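**Student:** next comes the sequence, and after it the predicted model I'd like to discuss.
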Amino acid sequence: MDESLESKFATLKSKNLKIDLTRGKPGSDQLDLSNDLLSIRVPAESPSGVDVRNYGDPLGIPEARELGGELLSAPLENTLVGEQSSLLLIYQLILANYLFGLEMPWKDQENLKFICPVPGFDRHFRLLDDFGIEMLTVPLTGTGVDMDKFKGLLSEHQNIKGIICVPRHSNPTGDVYTDENLTQLFEAGKSYSNEFLFILDHAYLLHDFSSTEFQTPSWEIANQCNVLDQTAILCSFSKVTFGGGGLSFAAAGTKLFNLLVKQRASMIVCSDKANQMRHLEFLKSKKDVLDHMGKHADLVKPKFELAFKALDSLGSEIGSYKKPTGGYFVSYNTSKPIAKRVIALCEEAGVLITPAGSTYPHFNDPQDSNIRLAPTFLELEDLKEAMEVFTTSLQIAFEEQIS
């Protein structure tokens, strides 16, 4: 090993750092933006006359449904308000299909399969694994799903039930799917089966921190492609206000929407109307939401820029990445199969990073190359030290491979 690298790593280890870079969580300064929520006095009735203290209105109060519909560009009657995360609504949607299905319950079928873009969201993989659903992976291209590989999977496999993806600031690559890519995705899935589900987890729909290419609302494209009854589009306030204390929204074509409502009727006595009202007092309109997210962007962008500067110093021989314009992650691909080694070295120096392979089903990254970084939670000084540990570990692991 290069002696200067060895000396630098020893110096970093001597600092006894304890830095956690594993999860994409808002920083405390971002959470402070929503502190007024903690003291808002909630009125007993919504403007439409709903008693927010009582049972009823399982789909949410009309004003909250209207706001969710505005954010997702969907009609109020096809939009419901859920609990803290889009992930929970997706779980309920998969469960509804498993128990009841659009035509036949999935539990009565064999060899269930789902397509998952990779690198992807680890919690999506865990969710599908709970139901014993086989995950077929398809690469991302930088502007969406690799359509040749996607169509190849459709031609090779039977009983693929759908695709689950993050079409805007994809976790972790930052891909923003083009309108053309989404259109091709809808058309190919529709041709495969009229039960093929498109689950669009728009977790980062509102999370631009730099100028982002225009993207037609997914609802509009799905409507143009005549696949609304096969499409569910979801987002949440998990990283808009408070983690675990926000709202989530789901919009779907009538048939799929009614299936989700049926499942939730067995699980949800009533919606948390008081929290919905609290959020409506704080974020009264889509414009208010976007203005609020602009404040998030001002806090988040410097952290990403710091991470970009550190990664750019490495050069392309060691690895590559695409600079996201929103979301919470940076996806780095090493040029050699060294992701596990890099992460082990980082841990040795006191910096925890998401385990290697997390961005693939069953932790099986065939190239051992993808590493997910989550810059937002740290203060800038801690992030700077974490990135120094990371880049040094990368250089060490790379040199070990070529020596």
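**Tutor:** Good, I have the coordinates.
**Student:** mind checking what helix or strand follows the longest helix seen in the chain in sequence?
**Tutor:** If you go by DSSP state H, the chain has its longest helix at helix 286-312. Following helix 286-312 in sequence order, the next helix or strand is strand 319-321 (DSSP states H and E).
**Student:** could you name the helices and strands sitting against that following strand?
**Tutor:** For strand 319-321, the elements it packs on are strand 330-334, judged by 3 or more CB pairs under 8 Å, 6 or more residues apart in numbering; DSSP states H and E. The way it works is simple: take the backbone N, C-alpha and C, and place the C-beta from them, glycine included.
**Student:** so which bits of the helix or strand containing residue 400 are buried?
**Tutor:** In this structure, residue 400 sits in helix 380-402 according to DSSP H and E. Within helix 380-402, the residues that count as buried by 16 or more other CB atoms under 10 Å are 382-383, 385-398.
**Student:** show me this protein divided up by domain.
**Tutor:** As assigned by automatic domain parsing, the chain contains the domains 3-24+289-402, 40-284.
**Student:** can you tell which of the ones you listed is closest to residue 34?
**Tutor:** Closest to residue 34 of the domains of the chain is domain 40-284 (CB to CB; 4.2 Å).
**Student:** pLDDT score assigned to residue 1?
**Tutor:** On pLDDT, residue 1 comes in at 60.
**Student:** and if you look at residue 402?
**Tutor:** Looking at residue 402, its pLDDT reads 87.
**Student:** quick one, what contacts it?
**Tutor:** The neighbourhood of residue 402, defined by CB atoms under 8 Å, 6 or more residues apart in numbering, consists of residue 336.
**Student:** and if we set it to 10 Å?
**Tutor:** Counting by CB atoms under 10 Å, 6 or more residues apart in numbering, residue 402 touches 317, 335-336.
**Student:** what is the mean pLDDT for stretch 324-341?
**Tutor:** Across stretch 324-341, the per-residue pLDDT values average to 98.
**Student:** count of neighbours near residue 117?
**Tutor:** Look at residue 117: counted by other CB atoms under 10 Å, it has 28 neighbours.
**Student:** repeat that for residue 155.
**Tutor:** For residue 155, the tally of surrounding residues (other CB under 10 Å) stands at 9.
**Student:** quick check, residue 200 in a strand?
**Tutor:** Yes: under DSSP: H, G, I helix; E, B strand; the rest coil, residue 200 sits within a strand.
**Student:** setting the sequence-adjacent residues aside, check what's closest to it.
**Tutor:** residue 233 (4.7 Å; CB to CB, 6 or more residues apart in numbering).
**Student:** cool, and residue 210?
**Tutor:** In space, and not counting its chain neighbours, residue 210 is closest to residue 325: 4.2 Å by CB to CB, 6+ apart.
**Student:** surely residue 254 is in contact with residue 74?
**Tutor:** No: between residue 254 and residue 74 there is no contact under CB atoms under 10 Å: 11.4 Å.
**Student:** low-confidence ranges in this protein?
**Tutor:** With pLDDT under 70 as the threshold, the chain has low-confidence stretches at 1.
**Student:** sorry, back to before: which one (most neighbours) among the contacts of residue 402?
**Tutor:** Counting neighbours by other CB under 10 Å, residue 336 leads those with 19 neighbours.
**Student:** quick one: it and residue 398 touch, right?
**Tutor:** Yes: using CB under 10 Å, residue 336 makes contact with residue 398 at a distance of 6.0 Å.
**Student:** the nearest residue to residue 137 once chain neighbours are set aside: how many residues sit nearby?
**Tutor:** Nearest residue to residue 137 in three dimensions, chain neighbours excluded: residue 118, at 4.5 Å (CB to CB, 6+ apart). Residues lying near residue 118 (other CB under 10 Å) number 19.
**Student:** what residues does residue 118 make contact with?
**Tutor:** Residues near residue 118 by CB under 10 Å, 6+ apart: 125, 135, 137-140, 173, 359-361, 364-366, 370.
**Student:** quick one on the thing from earlier: from the buried residues of helix 380-402, which single one is nearest residue 376?
**Tutor:** Proximity of the buried residues of helix 380-402 to residue 376 (CB to CB) peaks at residue 383, which lies at 9.0 Å.
**Student:** how much space between the closest one and residue 315?
**Tutor:** Distance, residue 383 to residue 315, by CB to CB, to the nearest Å: 21 Å.
**Student:** how about residue 5?
**Tutor:** Between residue 5 and residue 315 the computed distance is 15 Å (CB to CB).
**Student:** surely residue 184 meets residue 151?
**Tutor:** Yes: using CB under 10 Å, residue 184 makes contact with residue 151 at a distance of 8.7 Å.
**Student:** which neighbours do these two share?
**Tutor:** residue 145.
**Student:** residue contacts, the closest residue to residue 211 other than its chain neighbours?
**Tutor:** Setting aside the residues directly before and after it, residue 211 is nearest to residue 325 in space (CB to CB, 6+ apart), at 6.5 Å. By CB under 10 Å, 6+ apart, residue 325 lies in contact with 168-169, 174, 176, 207-213, 301, 304.
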